[in-house]
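*Asks:* Sequence and predicted model, in that order:
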Amino acid sequence: MELTEMYGQLGISGQVLQFTEEVERSLKERFQAIDQVAEYNQLKVIKAMQEARVSDIHFAGTTGYGYNDMGRDTLEEVYARAFHGEDALVRPQLISGTHALTVALAGNLRPGDEIFSPVGKPYDTLEEVIGIRDSVGSLKEYGITYRQVDLLENGDFDYENIRKAINGNTKLVEIQRSKGYATRPTLSVKRIGELISFIKGIRPDVICMVDNCYGEFVETTEPTDVGADMIVGSLIKNPGGGLAPIGGYIVGRKDCIERAAYRLTAPGLGKEVGASLGVSQSLYQGLFLAPTVVAGALKGAIFAANVYEKLGFSVVPNGRESRHDIIQAITFGTAEGVIKFCEGIQAAAPVDSFVTPEPWAMPGYDSDVIMAAGAFVQGSSIELSADGPIKPPYAVYFQGGLTWYHAKLGILMSLQKLSDAGIVFPGKM
Ligand SMILES: *Cc1c(COP(=O)(O)O)cnc(C)c1O
């Protein structure tokens with residue numbers, strides 16, 4: 001078998017291959033379902049590009065103020081159409097997901113307003129943006145308050161306390177779709193819709209903003225299809241398709257986007273300025289590829305869940321659960337397990353495969369952390385990447401993979417490293 005031989009040349013043993021082949025065979029139907037979602041989303045993106053009459057003139061860059069940047073304006077129309085919003089802000093000047101969320105929040109809030117999260121604590125970086133952790137320049141310093149209600153133990157919305165928390169100052173509700181690195185379940189678009197309906201039933205004028213990071217194209221609908229006033233995300237995650245070198249997006253209600261734009265640039269200038277500097281083509285092409293890229297990443301996550309579950313490790317989500325984002329957690333229970341897994345992911349990378357990742361003290365973490373990434377775009381987490389804090393329960397979080405075959409190689413390599421170290425024995429089950 002040529003394929004077996006090729007895997008052999010990359011260092012994957014027959015034992016690891018045999019063990020994982022069986023797992024892969026059992027996932028055939030799930031992979032078919034993922035391909036169907038990708039097919040639908042591919043059509044959705046093509047339709048949006050056709051309706052916006054995308055042409056190669058849109059790939060030309062502008063400099064300076066960037067007045068009349070047709071590529072930028074048309075890309076924003078494409079995003080608005082694909083994600084079913086009235087308008088969009090899609091810019092290389094939005095330097096990350098955190099920045100896009102900051103702009104959406106700060107643009108739409110005024111002193112005395114309150115942000116409300118009905119799904120528990122938001123993503124780590126937002127704690128300083130909002131001022132949950134005191135930080136210079138936080139929204140708290142501008143007189144904007146924050147309130148949250150956690151999910152119930154079983155993962156349900158705590159409707160009773162949500163009703164109580166909504167008050168006269170509540171201006172914006174922040175709903176995070178992905179669990180991120182928390183332990184709560186990721187929300188499906190359907191559940192986000194139910195939550196928004198409930199909130200709008202109490203206060204129809206409140207702005208419902210969804211942090212859509214890691215969720216784009218995992219389902220055939222997005223939160224804007226179920227009542228969200230704004231969805232916000234990063235272009236070095238799902239919608240950038242691995243090609244966007246930088247950027248963030250905000251899609252939604254026209255007035256919300258306008259206020260965000262006045263915050264991003266300047267009052268009076270808004271969306272009219274902001275040179276695209278020649279990155280437009282990669283933003284278009286990345287969005288075009290995103291549905292299949294996300295499908296590959298999802299297959300990788302589900303494959304890993306099933307492989308490691310079969311070996312007796314605890315995995316979140318488990319091997320059978322439906323998926324609403326591309327993040328997979330695996331608990332190894334030992335530092336060595338986490339380290340070997342990350343070494344495997346690194347060794348399978350197209351870039352920096354020769355590097356051995358090591359646990360290190362990182363700003364913002366209270367323990368050493370090991371990170372594996374061999375990415376074309378620095379920090380891109382739609383590319384195959386993993387990180388694990390070296391502390392109990394010794395879990396590793398991983399996500400991405402621009403192609404299913406790369407994601408698969410990463411998992412095989414991780415298993416090989418664990419097997420070589422005598423931590424697991426695939427085949428002896
Ligand atoms: C990644 C992420 C962010 C922040 O995005 P950055 O691009 O890393 O700043 C915010 N929220 C969630 C849920 C995320 O996954």
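*Replies:* Thanks, I have the structure now.
*Asks:* Enumerate every residue touching whichever residue of the stretch 1-150 of the chain sits closest to the ligand.
*Replies:* Relative to the ligand, the nearest point of the stretch 1-150 of the chain is G97 (2.5 Å; Cβ to the nearest ligand atom). Yep, even glycine has a C-beta here, placed from its N, CA and C like the rest. By Cβ atoms under 8 Å, 6 or more residues apart in numbering, the residues touching G97 are D211, C213, V232, G233, S234, K237, G248.
*Asks:* Please tell me how far it sits from S26.
*Replies:* Distance, G97 to S26, by Cβ to Cβ, to the nearest Å: 34 Å.
*Asks:* wait, R91 sits on G274?
*Replies:* Yes - counting by Cβ atoms under 8 Å, R91 touches G274, with 5.6 Å between them.
*Asks:* Looking only at neighbour counts, state which of the two leads.
*Replies:* R91 (29 against 22; other Cβ atoms under 10 Å).
*Asks:* Let's test this: what are the backbone torsions at the more buried one?
*Replies:* Backbone torsions of R91, given as degrees, to the nearest 10, read phi -140, psi 150.
*Asks:* Next, find the distance separating it from T20.
*Replies:* Applying Cβ to Cβ to R91 and T20 gives a distance of 41 Å.
*Asks:* remind me which residues of the protein are low pLDDT?
*Replies:* Residue ranges of the chain with pLDDT under 70: 1, 364, 427-429.
*Asks:* need the helices for it, in chain order.
*Replies:* Counting by DSSP state H, the chain has these helices, from start to end: 2-9, 14-26, 28-51, 70-82, 97-108, 124-130, 159-165, 189-202, 254-264, 280-310, 335-347, 404-420.
*Asks:* do you know which of those helices lies nearest P363?
*Replies:* Set against P363 and scored by Cβ to Cβ, the helices of the chain come closest in helix 124-130, at 11.7 Å.
*Asks:* Buried residues, that closest one. List them.
*Replies:* L126, E127, E128, V129, I130 (16 or more other Cβ atoms under 10 Å).
*Asks:* Tell me who's in contact with the nearest residue to L412 once chain neighbours are set aside.
*Replies:* With sequence-adjacent residues excluded and distances taken as Cβ to Cβ, 6 or more residues apart in numbering, L412 is closest to I12, at 5.0 Å. Shown in contact with I12 (Cβ under 8 Å, 6+ apart): L409, L412, M413, Q416.
*Asks:* so the first one touches A348, yeah?
*Replies:* Yes - with contacts counted by Cβ under 8 Å, L409 reaches A348, the gap being 4.5 Å.
*Asks:* Give the residues shared as contacts by the two.
*Replies:* Contacts common to L409 and A348, judged by Cβ under 8 Å, 6+ apart, are L10.
*Asks:* So between those two, which is more surrounded?
*Replies:* Under the neighbour definition other Cβ under 10 Å, L409 and A348 were set side by side, and A348 has more, 26 against 23.
*Asks:* for that one, what are its contacts?
*Replies:* Counting by Cβ under 8 Å, 6+ apart, A348 makes contact with L10, G374, L384, H406, L409, G410, L412, M413, S414.
*Asks:* Please spell out the PyMOL selection for the buried subset of those residues.
*Replies:* Only the buried entries of the contacts of A348 go into this PyMOL selection, using 16+ other Cβ under 10 Å:
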select buried, resi 374+384+406+409+410+412+413+414
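*Asks:* how about the residues of the stretch 101-250 of the chain that lie near the ligand?
*Replies:* Proximity of the stretch 101-250 of the chain to the ligand (Cβ under 6 Å from any ligand atom) is limited to residues Y123, T125, Q176, S178, G180, D211, C213, Y214, S234.
*Asks:* By neighbours, which of those residues wins?
*Replies:* S234 leads these on contacts (other Cβ under 10 Å) with 30 neighbours.
*Asks:* A228 versus that one, what's the distance?
*Replies:* 17 Å.
*Asks:* With D325 instead?
*Replies:* Applying Cβ to Cβ, the value for D325 to A228 is 16 Å.
*Asks:* what sits against I162?
*Replies:* P118, V149, F198, I199.
*Asks:* and those, which are buried?
*Replies:* By 16+ other Cβ under 10 Å, the contacts of I162 give P118, V149, I199 as buried.
*Asks:* I figured the first one hits E160, correct?
*Replies:* No - contact criterion Cβ under 8 Å: P118 and E160 do not qualify, at 11.5 Å.
*Asks:* Can you tell me which of the contacts of G97 is nearest G400?
*Replies:* Checking those against G400 by Cβ to Cβ gives K237 as the nearest, at 8.3 Å.
*Asks:* residues touching the closest residue to the closest one other than its chain neighbours, list them.
*Replies:* What sits nearest to K237 in space, not counting adjacent residues and going by Cβ to Cβ, 6+ apart, is I382, at 5.2 Å. I382 makes contacts with 236-238, 240-242, 293-294, 297, 326, 399-400, 402, as judged by Cβ under 8 Å, 6+ apart.
*Asks:* Would you map the strands across the stretch 101-250 of the chain?
*Replies:* Ranges of strands in the stretch 101-250 of the chain, per DSSP state E, counting those that start in this stretch, are 114-117, 145-148, 170-176, 207-211, 230-234, 248-252.
*Asks:* Grab the most central residue of the chain for me.
*Replies:* For the chain, the residue nearest the mean C-alpha position is Y214 (1.7 Å; Cα atoms, centre = their mean).
*Asks:* And it, how close does it get to G400?
*Replies:* 9 Å.
*Asks:* shared neighbours of these two, anything?
*Replies:* Common neighbours of Y214 and G400 (criterion: Cβ under 8 Å, 6+ apart): I326, S381.
*Asks:* Surely R259 and G107 touch.
*Replies:* Yes - if you go by Cβ under 8 Å, R259 and G107 touch, sitting 4.3 Å apart.
*Asks:* A304 - how many residues pack around it?
*Replies:* 28.
*Asks:* What sits closest to it if chain neighbours are left out?
*Replies:* Using Cβ to Cβ, 6+ apart, the closest residue to A304 is I411 (4.8 Å).
*Asks:* Could you tell me how many residues sit around the one you found?
*Replies:* For I411, the count of nearby residues is 28 (other Cβ under 10 Å).
*Asks:* That one: what's it in contact with?
*Replies:* T20, G300, F303, A304, V307, G344.
*Asks:* Which among those residues count as buried?
*Replies:* Judged by 16+ other Cβ under 10 Å, buried ones among those: T20, G300, F303, A304, V307, G344.
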